[in-house]
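K.L.:
Whatever this is, show me its structure:
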Amino acid sequence: MAYRWRVAIVAVVLEFVCAPRVSEACSCALLDHAQAVRQFPVAFRGTVRSARRVGGDVEITFAVHVRWNGVSAATREVRVLRRRGRSMCPIPSFREGVRYNVYAERDHGALRVSGCNPSEETEFAAPSGGFRR
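P.N.:
Numbering: from 1, shown residues only. The predicted model follows:
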């Protein structure tokens, strides 16, 4: 009986010692728009046209409206991969028909957003014809 108690106590202690803590598992640097444009090789504003599963990822297709980095002037559409499932660090969820500022990295020829990515939903067109952030 004493042996079972020792095993149970060791198991509980290991659970607390080895389990990741949410506050320690991910530390995301907060970036404003200008910092994100400088840090990420691809940055643009676009509206989600579609999303489909591709293996363990979701491929999101954006209609491009504004280009800051890594997207040529002739590019009208960009596809970005987003890891499916849960992550300790926040991963943007992209909804069809919604406009976003997107900051992506190149990963083996594909564009990817991953945990702690600062991509964010933007406001719709401002009355002046520009976009509010």
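K.L.:
all strands for this structure, in order.
P.N.:
Using DSSP state E, the strands found in the chain span residues 42-54, 57-69, 77-83, 99-107, 110-113, 120-121.
K.L.:
And these: which comes nearest residue 35?
P.N.:
Among these, the nearest to residue 35 by C-beta to C-beta is strand 99-107 (9.7 Å). For every residue, glycine as well, the C-beta is placed using N, CA and C.
K.L.:
which helices and strands sit right next to that closest one?
P.N.:
Using 3 or more C-beta pairs under 8 Å, 6 or more residues apart in numbering; DSSP states H and E, the elements in contact with strand 99-107 are helix 33-39, strand 42-54, strand 57-69, strand 77-83, strand 110-113, strand 120-121.
K.L.:
Quick one: closest of these to residue 95.
P.N.:
The nearest among those, by C-beta to C-beta, is strand 42-54 at 6.3 Å.
K.L.:
For the closest one, buried residues please.
P.N.:
For strand 42-54, burial by neighbour count (16 or more other C-beta atoms under 10 Å) applies to 42, 43, 44, 45, 46, 47, 48, 51.
K.L.:
my guess is residue 39 meets residue 30, correct?
P.N.:
No. The criterion here is C-beta atoms under 8 Å, and residue 39 misses it with residue 30 at 11.9 Å.
K.L.:
Between these two, which is the more surrounded one?
P.N.:
Neighbour totals were compared for residue 39 and residue 30, and residue 39 leads with 14 against 7 (other C-beta atoms under 10 Å).
K.L.:
how close does the more buried one get to residue 56?
P.N.:
Using C-beta to C-beta, to the nearest Å, one gets 25 Å for the distance from residue 39 to residue 56.
K.L.:
just to revisit the earlier point, among the strands of the chain, which gets the worst mean confidence?
P.N.:
When the strands of the chain are ranked by mean pLDDT, strand 120-121 comes last with a mean of 88.
K.L.:
what's that strand packed up against?
P.N.:
strand 99-107.
K.L.:
Okay, now the sheet partners of the strand it packs on, with direction.
P.N.:
strand 42-54 (antiparallel), strand 110-113 (antiparallel), strand 120-121 (antiparallel) (DSSP bridges).
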